[in-house]
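# this one's sequence-less:
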C-alpha cells in the first residue's frame, strides 16, 4: 500500500513536470515568434524557437560587439577544430567539445542532425541540401551535423551583423 502511494506521488510529480515543460515551450515559441530577429533566425536549417533565442543571446543580442567574425562566434560555441599550432606550423585537431557554452552547442548540433536526417530522406531542393547529401556521403551524418551547426552559427552571425534575412538558394530546375 505504501509503495503504491509513493509511486502515485512520483507519477503526479512527473505529470506536473511535463505540463510545466509544455507551458514553457509554448511561452518560448510565442516569445521567439514575436521577436523579429528570432523569427528570422528560425528560417535557418535546424533552428527552432529555442535555438533562435539562444543564438540571439550568444551572438550579442544585436550589438555584435562580442565577436568580430563569424568564425570567432563559432569557435566560442565549440564548432571549429582546435588548433595545435607552433612555430609557423598549423595543426588542426578535433572539434572541441569542452567549451563554456556546451548547452548551446548540443542544441545546435541536435537541430542540425534533424536537418541532416530530413535532407537525406528526399531529393535535394536547395544548394545547402545538396551540400548536406554530398557531405554525408564523404564524412557521415555526425560530422555533417557539426559542420552544418558551424555553418548555421556563421550564417546567423552574418544575418545579425548585416541586418539581412536568410533565403535558401534553390537548385536550378
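All right, it came through fine. If you're wondering where the values come from, they're calculated on a predicted model, not measured in any experiment.
# helices or strands up against the helix or strand where residue 23 lies?
Residue 23 belongs to helix 2-34 when assigned by DSSP states H and E. Applying 3 or more C-beta pairs under 8 Å, 6 or more residues apart in numbering; DSSP states H and E, one finds that helix 2-34 contacts helix 36-41, helix 49-58. Placement of C-beta: from N, CA and C, glycine included.
# Buried deepest among the ones you listed, which one?
Of the helices and strands packed on helix 2-34, the one with the most neighbours on average (mean count of other C-beta atoms under 10 Å) is helix 49-58, at a mean of 21.
# That one relative to helix 2-34, how many degrees between them?
Counting by axes from the mean of the first three to the mean of the last three C-alpha atoms, to 10 degrees, helix 49-58 lies at 60 degrees to helix 2-34.
# After helix 49-58, which helix or strand is next? Please name it.
With secondary structure assigned by DSSP H and E, helix 49-58 is succeeded by helix 70-77.
# coming back round to it: export the helices and strands packed on helix 2-34 as a markdown table, with columns for mean pLDDT.
Conversion of the helices and strands packed on helix 2-34 to a markdown table gives the following (pLDDT from 0 to 100):
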| stretch | mean pLDDT |
| --- | --- |
| helix 36-41 | 91 |
| helix 49-58 | 90 |
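# closest to residue 8 out of these?
helix 49-58 (32.1 Å; C-beta to C-beta).
# Below-threshold pLDDT in the chain: ranges please.
Residue ranges of the chain with pLDDT under 70: 60-65, 82-85, 90-100, 173.
# OK, contacts around the residue nearest the centre of the chain?
Centroid check for the chain by C-alpha atoms, centre = their mean gives residue 108 as the closest residue, at 2.0 Å. Listed by C-beta atoms under 8 Å, 6 or more residues apart in numbering, the contact set of residue 108 reads 46-47, 51, 55, 77, 79, 149, 152-153.
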